[in-house]
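Visitor: Can you look at this prediction? I've put the sequence above it.
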4 protein chains.
Amino acid sequence: MLARAAAARRLLSSGAPAGKIGFVGLGNMGGSMAGNLAAAGFDVVAFDLSAASVARAVAAGCAPAESLEDIAECRHVVTMLPSSPHVSGAVDALLGGGFGGEGSMWIDSSTIDPLTSRELRERLAAKGIAKLDAPVSGGVKGAAAGTLTFMVGSTEAELGQARPLLEAMGANVIHCGTSGAGQSTKLCNNLAMGIQMVGVSEALNLGEKLGLDPKVLASVMNTSTSRCWSSDSYNPHPAVLEAVPATNNYDGGFGVSLMLKDLKLATSAAEAVGSSTPLGNATKELYSMTVDHGMGGKDFGVVLQMLRGNRIE
Amino acid sequence: MLARAAAARRLLSSGAPAGKIGFVGLGNMGGSMAGNLAAAGFDVVAFDLSAASVARAVAAGCAPAESLEDIAECRHVVTMLPSSPHVSGAVDALLGGGFGGEGSMWIDSSTIDPLTSRELRERLAAKGIAKLDAPVSGGVKGAAAGTLTFMVGSTEAELGQARPLLEAMGANVIHCGTSGAGQSTKLCNNLAMGIQMVGVSEALNLGEKLGLDPKVLASVMNTSTSRCWSSDSYNPHPAVLEAVPATNNYDGGFGVSLMLKDLKLATSAAEAVGSSTPLGNATKELYSMTVDHGMGGKDFGVVLQMLRGNRIE
Amino acid sequence: MLARAAAARRLLSSGAPAGKIGFVGLGNMGGSMAGNLAAAGFDVVAFDLSAASVARAVAAGCAPAESLEDIAECRHVVTMLPSSPHVSGAVDALLGGGFGGEGSMWIDSSTIDPLTSRELRERLAAKGIAKLDAPVSGGVKGAAAGTLTFMVGSTEAELGQARPLLEAMGANVIHCGTSGAGQSTKLCNNLAMGIQMVGVSEALNLGEKLGLDPKVLASVMNTSTSRCWSSDSYNPHPAVLEAVPATNNYDGGFGVSLMLKDLKLATSAAEAVGSSTPLGNATKELYSMTVDHGMGGKDFGVVLQMLRGNRIE
Amino acid sequence: MLARAAAARRLLSSGAPAGKIGFVGLGNMGGSMAGNLAAAGFDVVAFDLSAASVARAVAAGCAPAESLEDIAECRHVVTMLPSSPHVSGAVDALLGGGFGGEGSMWIDSSTIDPLTSRELRERLAAKGIAKLDAPVSGGVKGAAAGTLTFMVGSTEAELGQARPLLEAMGANVIHCGTSGAGQSTKLCNNLAMGIQMVGVSEALNLGEKLGLDPKVLASVMNTSTSRCWSSDSYNPHPAVLEAVPATNNYDGGFGVSLMLKDLKLATSAAEAVGSSTPLGNATKELYSMTVDHGMGGKDFGVVLQMLRGNRIE
């Protein structure tokens, strides 16, 4: 915490005084992120359509914003919103409210499609506003613990300016390329991850039906050529790891609906640029059917149960 | 090498004198394995239908066998053959030649289907012959260097008896369960690996078309939730790693045809036990089409090029 | 019926006296087929492992066989069995019982894999026994009504000899090529049919969610470029046609498990000959998951409900 | 032709004088359609960005428009454009040019996504302009011959008003439901058709590799449970039908790229309404890879060759 407060001071002393930080979108992720910014010493003005969410942010040290227009006067704005139209709407409102001016910066941590992201960058650039895309991985727990990973698309200079804020909310800041590269990188990562989770699930399911002990099978996989995060750190079989969603009735992790959203964004971007993603599409449809079968709110590892014909309530 | 010769002596002094070791199947893999056994001090009698292969084994220290019947007198037999019918044929010939007797053991390192493997075990057990399934990973290089991983299905006692031989040919010996578990584990591992390779390929291909640097994208993936062996150790994009098949025109690795063979075995076993493998099947078809398009002999990472419409000669 | 009795007489008078017809496999299909042969005036000896099935055949005019050996003395044998091992077993028993002699013929109406079919032909040919493969379409209703379609693989002469029997059991006899061609043709037909049913289901499901009237949509499809049997004659949506399984809670048609069996045979044959079937495999997996979700006994049109997340009891 | 001129007179005499018909989009399809309208006696003003296309329309009896604004004064406008943004752009320009007024009607024969279609309807309705969606099937030949099928979404009254124009350009006018239903119906039809073509291709390819005569196999399929338009009227195997693209080096039919476009629209609409389309997506990816392999301009039946690893130039 002291380190973070120091980071806030560095920002203030760097010739780029932070001033107020506007934060839009105080859900499970954004609420914690705004709280961590406040705890690190930043002066955060928080907005959400839900008064309860604003109240929680105030309890965590933020000042409340009545409307998006209250945010427009901030030099730095961070958004953490559920989809492209929400982000576009926020940009509309803030530009309408006069957001802009020297050194102003928009950091978008939402996961949205790369083409909308690019379009917003151009609109903001026309007003002299820098835009970083900085989507995250690490989930609700990472947001609460301040250990998120940020995948950043920006110039080096912009990242330098934003880094103290990002480090107050996360443990890793990865520079992926110019604006848009953060979104693209996250979608590529989640495309591969979504496929890998199904691959691991199929292998564990098959192994169990062939009489193998899932724990032994997973231990071999994890030291062999099929090792991957979905197996060694987030295994979908309830018998393998402790303290993962699979051992908690698939509650509390990265929901199937969210994975499906990311796969839709990835495959849609792939269509736009003419990139074939046969497994990405097959995986997307499998998660889509998992939603149809009533498990959209469960962790995406529940696809293992979908393969077995189980419906987890 | 000294350690291996000591292992051979241990086997001899353990009350289970090794006597002659029969080795059947002296291809790219088996030839090196037989040579490593001989180099470790074992008395190896080697057989292959190819006289040239036998000659190479002799140069590496093995004694030549004229026929499978010459092998039948050995107490230990190791097979490394391309498919189920080859292995069944070898069992037929050896049993016909009188193979058997107290302490005799068959170690099958071929990758075959789990159901044939079980059937052979039963036939051998009826003659008092122990059977281990011990398929390998590590490829031609691992076979040459003696660094293979063996996935073993057997009793503990059988593995104890076989361990000196296995350690003379490999660096890792993993006990996966009772007889058949080695084959099952290997197929599950390769099912997941085959899927992961396509997942990584789709992500890298999409990322590149979205303007990302493949090297940067891979570095993010490798420290994030899509990290896996196919990305961090065997990346299919020519620009990412050195000394992998992707940087060698996809030559010299694990061929598409071999991966296709393993996926056929895995999905066929899955059908037999009623286990759904939607991505496994989609992946199998993608590799099947890669073979149709003339790239069956290339490393399986060439699927990235198949996705791009390239035909690598 | 008179026409059929005349057919039987023609067979008797053709210089190829029918003598006794052995019939093996008296399930839902075979029981009706044997009865139709008897009703047409043939002298049928019927066998099944189930005494109740034999009793029903006797009530329909057949003579009972105590064992497969009783069948071995017949000149013509018809089998209608569930899978390749059953058919192989019957061949073993009958050859063991002395089946054979001049003009003897085996007609296999089971649906089995083309490779087993070829192997059996060779074994029978070695004993001078002609083998026709004559799998059927038309289902339980067609079997009862004697309106089956036979897809026949044989020489022209063999088909000439068998035709009176086939015409006693069915309405259409299609000569597909030499021995084995009947099995191959049926598998190709069912491969395409299985895919088409899913295609129609996806289109109707999408149309309904887009606000279209399924009946109107189906009527357009049925006069347009997506018309097919699965839409115009066997529509899977309960609101479109009358007197199809979809309007009968998906009971009484061609079960998902049977379709899955045929797709496994087709894709397995495809693997053996190196033919890529990406949609065939994706379809097989979808039916496999439909079985996992407890709907294996329902008509295969129930896949429309699987796509919607419904579980039909 | 006389009938069509009479139709034009009926329109003129119905109390709903046709006046000028604006036609926007004079490509392979639109050019013929505009010509057929003129030949039927309608007073057509034709626009395209390509001067050559306008010249051809003038040769076919249309008057040239200098700009979209020239079209804005027409009471009826027909558009036949390649994609959603083109149609939106035309609507922008025409509304900007004052298009509207009592009885004015927009008939959109382009194939675009249902959601854009709905949005345009709302914008036009706000100006009192009726909008029909009337996408076509029948291809370039049907457009030339005036035998297109129109799938119309509109009120009954609107369709009554538009019918004389549609009948001048096509042979079938199908009322699919209210506005938007035409687009939805076409996408559902093409979704099923695209899947069926691959199903037929896989079956024919497998059959041929199993030794069947493609012509015999197709004839069985066409009288059996896998009969469909893609087999009996548009067979993708060069040996089966005459006068189809497959016998013309896959030239001159419905291009892979166009099929891919429709499948993207269909699966994208499916995502928007939460409808799972696993085969639709697998099919889309297969056509996408066919484009990657350089065959985007060939008829979509070329997917049979893609499955065989052939590249048709």
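Guide: Happy to help now that I have it. Residues are numbered from 1 along each chain as shown, chains lettered A, B, ... in the order given.
Visitor: residue boundaries of the strands in the stretch 101-250 of chain A?
Guide: Counting by DSSP state E, counting those that start in this stretch, one finds strands in the stretch 101-250 of chain A at the ranges A:105-108, A:130-133, A:136-137, A:148-153, A:170-177.
Visitor: So what touches the fourth one?
Guide: Read that as strand A:148-153. Residues outside strand A:148-153 that contact it (C-beta atoms under 8 Å, 6 or more residues apart in numbering or on different chains) are A:33, A:109, A:117, A:132-138, A:142, A:159, A:162, A:166, A:169-186, A:189, B:220, B:224. Glycine gets a C-beta too; all of them are placed from N, C-alpha and C.
Visitor: that older thread, for the strands of the stretch 101-250 of chain A, give me TSV that also has mean neighbour count and mean pLDDT.
Guide: Below are these laid out as TSV (neighbours: other C-beta atoms under 10 Å in any protein chain shown; pLDDT from 0 to 100):
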stretch	mean neighbour count	mean pLDDT
strand A:105-108	26	96
strand A:130-133	26	94
strand A:136-137	23	90
strand A:148-153	27	95
strand A:170-177	20	94
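Visitor: Include distance to D:Ser230 when you put the ones you listed into CSV, please.
Guide: Shown next, in CSV, are the strands of the stretch 101-250 of chain A (distance: least, C-beta to C-beta, whole Å):
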stretch, distance to D:Ser230
strand A:105-108, 46
strand A:130-133, 44
strand A:136-137, 44
strand A:148-153, 44
strand A:170-177, 44
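Visitor: of these, which approaches C:Met29 most closely?
Guide: strand A:136-137 (55.8 Å; C-beta to C-beta).
Visitor: Can you give the distance from the closest one to the centre of its chain?
Guide: 4 Å (C-alpha atoms, centre = their mean, to the nearest Å).
Visitor: what's it packed up against?
Guide: strand A:148-153, helix A:181-209 (3 or more C-beta pairs under 8 Å, 6 or more residues apart in numbering or on different chains; DSSP states H and E).
Visitor: Please pull out the lowest mean pLDDT helix or strand from chain A.
Guide: When the helices and strands of chain A are scored by mean pLDDT, DSSP states H and E, helix A:2-13 comes last with a mean of 52.
Visitor: which sections of chain A are below the confidence cut-off?
Guide: Residue ranges of chain A with pLDDT under 70: A:1-18.
Visitor: near chain B, which residues of the stretch 1-150 of chain A?
Guide: Contact residues (C-beta under 8 Å from any C-beta of the partner chain) of the stretch 1-150 of chain A with chain B: A:114, A:137, A:149.
Visitor: Let me know the closest of those to B:Asn205.
Guide: The closest of the residues of the stretch 1-150 of chain A next to chain B to B:Asn205 turns out to be A:Pro114 (C-beta to C-beta; 14.9 Å).
Visitor: Neighbours of the closest one, how many?
Guide: 25 (other C-beta atoms under 10 Å in any protein chain shown).
Visitor: my guess is it meets A:Lys186, correct?
Guide: No. Counting by C-beta atoms under 8 Å, A:Pro114 stays clear of A:Lys186, with 9.5 Å between them.
Visitor: The nearest residue to A:Asn222 once chain neighbours are set aside: neighbour count?
Guide: The shortest distance from A:Asn222 to any non-neighbouring residue, by C-beta to C-beta, 6 or more residues apart in numbering or on different chains, is to A:Asp232 (4.3 Å). A:Asp232 has 18 neighbours, counted by other C-beta under 10 Å.
Visitor: A:Glu242 now?
Guide: If we define neighbours as other C-beta under 10 Å, then A:Glu242 has 8 of them.
Visitor: Phi and psi next, for it.
Guide: phi -100, psi 160 (degrees, to the nearest 10).
Visitor: got it, and A:Thr178?
Guide: Main-chain torsions, A:Thr178, degrees, to the nearest 10: phi -70, psi 180.
Visitor: Quick check: residues of chain A near chain C?
Guide: So chain A meets chain C at A:278, A:282, A:289, A:291-294, A:306-309, A:311 (C-beta under 8 Å from any C-beta).
Visitor: Let's see the ChimeraX selection covering just the buried ones among these.
Guide: Filtering these down to the buried ones (16 or more other C-beta atoms under 10 Å in any protein chain shown) takes a single ChimeraX command:
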select /A:278,282,289,291,292,293,306,307,308,309,311
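Visitor: is stretch A:182-202 up against chain B anywhere?
Guide: Yes. Using C-beta under 8 Å from any C-beta, we find that stretch A:182-202 touches chain B at A:184-185, A:187-193, A:195-196, A:198-200, A:202.
Visitor: could I have that stretch exported to CSV, CA atoms only?
Guide: Extracted in CSV, the C-alpha atoms of stretch A:182-202 (Å, rounded to 0.1, in the frame of the first residue of the first chain):
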residue,chain,number,x,y,z
GLY,A,182,-4.2,-4.6,-25.9
GLN,A,183,-7.7,-5.6,-27.1
SER,A,184,-6.3,-7.8,-29.9
THR,A,185,-3.9,-9.6,-27.5
LYS,A,186,-6.5,-10.3,-25.0
LEU,A,187,-8.9,-11.8,-27.6
CYS,A,188,-6.1,-14.0,-29.0
ASN,A,189,-5.2,-15.1,-25.5
ASN,A,190,-8.8,-15.9,-24.6
LEU,A,191,-9.4,-17.6,-27.9
ALA,A,192,-6.5,-20.0,-27.2
MET,A,193,-7.5,-20.4,-23.6
GLY,A,194,-11.1,-21.2,-24.4
ILE,A,195,-10.0,-23.9,-26.9
GLN,A,196,-7.5,-25.3,-24.4
MET,A,197,-10.0,-25.7,-21.7
VAL,A,198,-12.2,-27.8,-23.9
GLY,A,199,-9.2,-29.8,-25.0
VAL,A,200,-8.2,-30.5,-21.4
SER,A,201,-11.8,-31.4,-20.6
GLU,A,202,-12.1,-33.9,-23.5
